[in-house]
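Chemist: Quick one, fold the following:
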Amino acid sequence: TGAVATANAIIWGPPDEQAARKQMGTPVLLKSITTELGNISPIIVASGGDWSDSDLKYQASHCAASHAWQNSCNCLAPKLIILGESWVHRARFEALIREE
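Modeler: Next comes the predicted model:
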């Protein structure tokens, strides 16, 4: 999305005007808006229960697809997968994600 620089340009104008406009409290955009500046959305894998190999494959595929949708340009696209350190299927799950 361009992060803070884009948000500042939309609200405060060109970079050479921003400091003065901020100091005077005179934004170029007078309507109220919200901006989304990117994030790192996690996928948290609950490791409890019985996981079959087909379960692992399905979820690994889903994790990879979620990241790849819209070339990962959707700011909600997951960028982090959180796995239990002692999860018995951790190595297999990581391998399946890499295969995707």
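
Chemist: pretty sure Glu36 is touching Thr6, no?
Modeler: No: taking contacts as CB atoms under 8 Å, Glu36 lies outside contact range of Thr6: 10.5 Å. Any C-beta I mention is one placed from the backbone N, CA and C, and that applies to glycine too.

Chemist: mind listing the helices for the chain?
Modeler: Listed in chain order, the helices of the chain (DSSP state H) span 3-12, 15-24, 53-68, 90-99.

Chemist: Of all those, which one comes closest to Cys75?
Modeler: helix 3-12 (10.5 Å; CB to CB).

Chemist: which one in the protein is furthest away from the centre?
Modeler: Met24 (34.3 Å; CA atoms, centre = their mean).

Chemist: Now mean pLDDT too, for the helices of the chain, in TSV please.
Modeler: Listed next are the helices of the chain as TSV, based on pLDDT from 0 to 100:
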stretch	mean pLDDT
helix 3-12	89
helix 15-24	97
helix 53-68	93
helix 90-99	96
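
Chemist: For Leu30, find the nearest of those helices.
Modeler: Nearest of the helices of the chain to Leu30, taken as CB to CB: helix 3-12 at 9.7 Å.

Chemist: Output that closest one in PDB, but only the C-alpha positions, please.
Modeler: Extracted as PDB, the C-alpha positions of helix 3-12 are listed here (Å, rounded to 0.1, in the frame of the first residue of the first chain):
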ATOM      1  CA  ALA A   3       2.900   2.400   4.000                       C
ATOM      2  CA  VAL A   4       3.200   5.700   5.900                       C
ATOM      3  CA  ALA A   5       4.600   7.700   2.900                       C
ATOM      4  CA  THR A   6       1.500   7.000   0.900                       C
ATOM      5  CA  ALA A   7      -0.800   7.800   3.800                       C
ATOM      6  CA  ASN A   8       1.000  11.100   4.500                       C
ATOM      7  CA  ALA A   9       0.900  12.000   0.800                       C
ATOM      8  CA  ILE A  10      -2.900  11.400   0.700                       C
ATOM      9  CA  ILE A  11      -3.500  13.300   3.900                       C
ATOM     10  CA  TRP A  12      -0.800  16.000   4.000                       C
END
